[in-house]
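# Got a sequence here, can you build the structure:
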Amino acid sequence: MAAGDQLPSTRELIARHGVSPVTVSRALAALSAEGVVVTRPGSGTYVSQRPPPQPSGNDLSWQTAALGDRTVDSASVEFLLQAEVPETVSLAGGYPHPDLLPTRALANALARAARRPDAAARPPLEGLSALRGWFARIAGGSVTAKDVLITSGAQAALSTAFRAIAPAGGTVLVESPTYIGALAVARSARLRPVPVPVDQDGVRPDLLADAFAATGARVFCCQPTFQNPTGSTLSAERRSAVLTVARDAGAFVIEDDFARWLPHRTAAPAPLVTDDLDGHVIHIASLTKVTSPNLRIGALVARGPVAERLRALRVVDEFFVPRPMQEAALELVSAPAWPRHLRTLSATLLERRNALIDALSRHIRDASLTQVPGGGLNLWLSLPGEIDDVALAVQAREAGVLISPGRPYYAAEPPGPHIRLSFAGTPRTDQLDDGVRRLARALDATMTR
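This is a model prediction of the structure:
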C-alpha cells in the first residue's frame, strides 16, 4: 500500500483473516508503535509517510577514543536474564518460573492500586509510609519505618549502596563465590572487589578480618541467608563474629537479604540488621524474586548519616519509585493470598530441590553437591579438576540445557570448577530430570575431549 492509503475497517480485517477483534487491535497497535500506520479518530487507519532512507557506512570509530576504558560489563547478568530458548531446558535462570509466582494475586493488586484516588499522585521521596512500615516489621528488631528507603528492587539498591559508601577506585570485600550481579555493580562503580572465602557456614570471619586489615576496605557485601550461589547460611556463631569484625574495622556490612521469602522448610533466620545497634549494617530486601521480575520493589534499611547519603543518591538517580508499583506491592503483601502463596512456594521449592538432587544422583557421578541448601533457588556443584566449567556450559547448551558456569561468580581465580543449577526455572518437575540427563551427556562429551 502507498503512503496515505486507508486500511480496511476492523470488521473487514476480522472477516478476511478469520481472527478475533483482540488480534486485530494488537496488530494495529504494533504497526502504530513502529510508525507504519497512523490512526485518525473518526476517520480510520492510514499508511504513514515513509521516512527517507538513512545513509549507511557512518564512521563511529571516534567513540572508541572518547569512551576510554570499559567499566560496565553486563554479559554475566544478561546471561541470567536471557529469554527461554525453545526445546531447551533452563537450569540457569535467576527467577522462579511464572507458574510458581502469584500472577493472579498480583493482577488483582495492580487493579486495586490503579483504582486508588491518589494513584497518579507523586509519592514521598522515601517511599509510601505504609510500605516502609511493612519492610521495617519484616526486618524486625528495632528497625522502624523511618529507617527504610524504598528502591526499585535489590539490584538498584546494591548500586546505590556501593556508590554511596565506597569512593571510586576503592575496595569492596565480597564473598567468594558471590552473586555475579554484585560483582558487576562493583566494577561499574569503579570499585575493586576483593574475595573472602565462604564455606558451608557462610563467610569465614577470620579471613574477613585479615581482608579488612590488608586492604583498608570499609565495605563488605554479603548474603547471609541462602547465599547465591552456594546456598549457605551464616551460622549463629559467625553472625556475631562478622558484626564484631565490622565494628573493629569501622566498616559497613551490606546485607543482601534477597532470599528472605524463599525457604524450603523452616523460616529464614532473622537478618543481621536485627542484631546491629550501631548502624554498621545496611540491609537490602526485595519482593521481586517471590512475586514477579516486573515488580521491582525493594528496600534499603540504614541508620545515621549513611541513611541520608543513600537517600540523596537514590533521589538524584531516579527521583522516586513509581507510586502505582508501591501501591500494588502493598496491596499484594496485605492480601490473604500472600501467606498462602509463600506456603505454596516454600513447599514447591522443597519438592523441586529434592527432585533435582535425585536426578543428579541418578545421572551424574562426576560432580558433587557442596551442600543441601535450606532455601533459595539453586544448587552449587563441584566438578572434577580437569573440567572447564565455561566450556561445559557451552557444550550443555548444544545438548539442550542451560547451566551457569561457576567462574563468573568469583572475583579472582576460582579454587576449582563449579556449576550452578537452578531448580525453579522450569514449568514442570519432570523437566529437571530431562535437563540433568542432557547435562550428563554434555559432561561426558567434555571429559572425552
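# hey, let's count contacts and neighbours off CA atoms from now on
OK.
# next one: stretch 153-167 to chain centre, how far?
On the basis of C-alpha atoms, centre = their mean, to the nearest Å, the separation between the geometric centre of stretch 153-167 and that of its chain is 14 Å.
# So residue 5 versus residue 36, what's the distance?
To residue 36, residue 5 is 12 Å away according to C-alpha to C-alpha, to the nearest Å.
# so what sits against both of those two?
Here residue 5 and residue 36 share the contacting residues residue 47, scored by C-alpha atoms under 8 Å, 6 or more residues apart in numbering.
# Roughly how far does residue 261 sit from residue 291?
Distance of residue 261 to residue 291, given as C-alpha to C-alpha: 10 Å.
# So between the two, which is more surrounded?
More neighbours sit around residue 291 than around the other of residue 261 and residue 291, counting by other C-alpha atoms under 10 Å; the figures are 27 against 21.
# Name the nearest residue to the more buried one, sequence neighbours excluded.
Closest residue in space to residue 291, ignoring its immediate chain neighbours: residue 101 at 5.6 Å, by C-alpha to C-alpha, 6 or more residues apart in numbering.
# quick one: pLDDT of the one you found?
In the predicted model, residue 101 carries a pLDDT score of 94.
# cool, residue 448 as well?
As predicted, residue 448 sits at a pLDDT of 66.
# which parts of stretch 292-311 are buried?
Using 16 or more other C-alpha atoms under 10 Å as the test for burial, stretch 292-311 gives 292-293, 295-303, 306-307, 309-311.
# Return the subset of these lying in helices.
306-307, 309-311 (DSSP state H).
# buried set for stretch 154-169?
When burial is assessed from 16+ other C-alpha under 10 Å, stretch 154-169 yields the following buried residues: 154-166, 168.
# Any chance of these in TSV with pLDDT and distance to residue 257 as columns?
Conversion of the buried residues of stretch 154-169 to TSV gives the following (pLDDT from 0 to 100; distance: C-alpha to C-alpha, whole Å):
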residue	pLDDT	distance to residue 257
154	89	9
155	89	12
156	92	14
157	92	11
158	92	11
159	92	15
160	92	15
161	93	14
162	93	16
163	92	19
164	92	19
165	92	18
166	90	20
168	85	25
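# Which members of these occur in helices, if any?
Those of the buried residues of stretch 154-169 lying in helices (DSSP H): 154-165.
# now the strands for the stretch 301-449 of the chain?
For the stretch 301-449 of the chain, applying DSSP state E, counting those that start in this stretch gives strands covering 368-369, 378-382, 401-402, 404-405, 418-422.
# which helices and strands sit right next to the worst-scoring helix or strand of the chain on mean pLDDT?
Between all helices and strands in the chain, the lowest mean by mean pLDDT, DSSP states H and E belongs to helix 75-80, at a mean of 72. Under the contact criterion of 3 or more C-alpha pairs under 8 Å, 6 or more residues apart in numbering; DSSP states H and E, the helices and strands touching helix 75-80 comprise helix 180-188.
# ok, back up a step: from the buried residues of stretch 292-311, pick the one nearest residue 347.
Comparing the buried residues of stretch 292-311 against residue 347 with C-alpha to C-alpha places residue 292 closest, at 18.2 Å.
# OK, contacts around the closest one?
When contacts are counted by C-alpha under 8 Å, 6+ apart, residue 292 touches 98, 101-103.
# Which of these sits closest to residue 428?
Within the contacts of residue 292, distances to residue 428 taken as C-alpha to C-alpha reach their minimum at residue 98, with 11.3 Å.
# So if we follow the domain assignment, how does this structure break up?
When the chain is parsed with automatic domain parsing, its domains come out as 10-47, 75-101+339-447, 103-334.
# Excluding sequence neighbours, find me the nearest residue to residue 347.
Spatial nearest neighbour of residue 347, excluding adjacent residues (C-alpha to C-alpha, 6+ apart): residue 264 at 6.4 Å.
# is it true that the one you found touches residue 375?
Yes. Taking contacts as C-alpha atoms under 8 Å, residue 264 lies within contact range of residue 375: 4.9 Å.
# Between the two, which is the more surrounded one?
Between residue 264 and residue 375, counting by other C-alpha under 10 Å, residue 375 is the more crowded of the two (27 against 22).
# for the closest residue in space to that one that isn't next to it in sequence, phi and psi?
Once its chain neighbours are removed from consideration, residue 375 has its nearest residue in residue 263; the separation is 4.0 Å (C-alpha to C-alpha, 6+ apart). According to degrees, to the nearest 10, the main-chain angles of residue 263 amount to phi -70, psi 160.
# Equivalent analysis for residue 101, please.
The main-chain torsion angles of residue 101 are listed as degrees, to the nearest 10 and equal phi -100, psi 160.
# That one reaches residue 288, doesn't it?
No. Taking C-alpha under 8 Å as the contact criterion, residue 101 and residue 288 are not neighbours in contact, 10.2 Å apart.
# re the thing from before, got a list of what the residue nearest to residue 375 touches?
With contacts taken as C-alpha under 8 Å, 6+ apart, residue 263 has the following neighbours: 346, 349, 374-376.
# And residue 323, by the same measure?
119-123, 128.
# Against residue 317, how distant is the residue nearest to residue 161 when sequence neighbours are not counted?
For residue 161, the nearest residue in space outside its immediate sequence neighbours is residue 310; the separation is 6.5 Å by C-alpha to C-alpha, 6+ apart. When C-alpha to C-alpha is applied, the distance between residue 310 and residue 317 equals 11 Å.
# likewise residue 350?
Computed with C-alpha to C-alpha, the distance linking residue 350 and residue 317 is 39 Å.
# Could you check which of those two has the larger neighbour count?
More crowded of residue 350 and residue 317, by other C-alpha under 10 Å: residue 350, with 20 against 11.
# If I look at that one, what pLDDT would I see?
With respect to pLDDT, residue 350 has a value of 96.
# In contact with the nearest residue to it once chain neighbours are set aside, which residues are there?
On the basis of C-alpha to C-alpha, 6+ apart, the spatially nearest residue to residue 350 that is not a chain neighbour turns out to be residue 264, at 4.7 Å. Residues in contact with residue 264 (C-alpha under 8 Å, 6+ apart) are 346-347, 349-350, 374-376.
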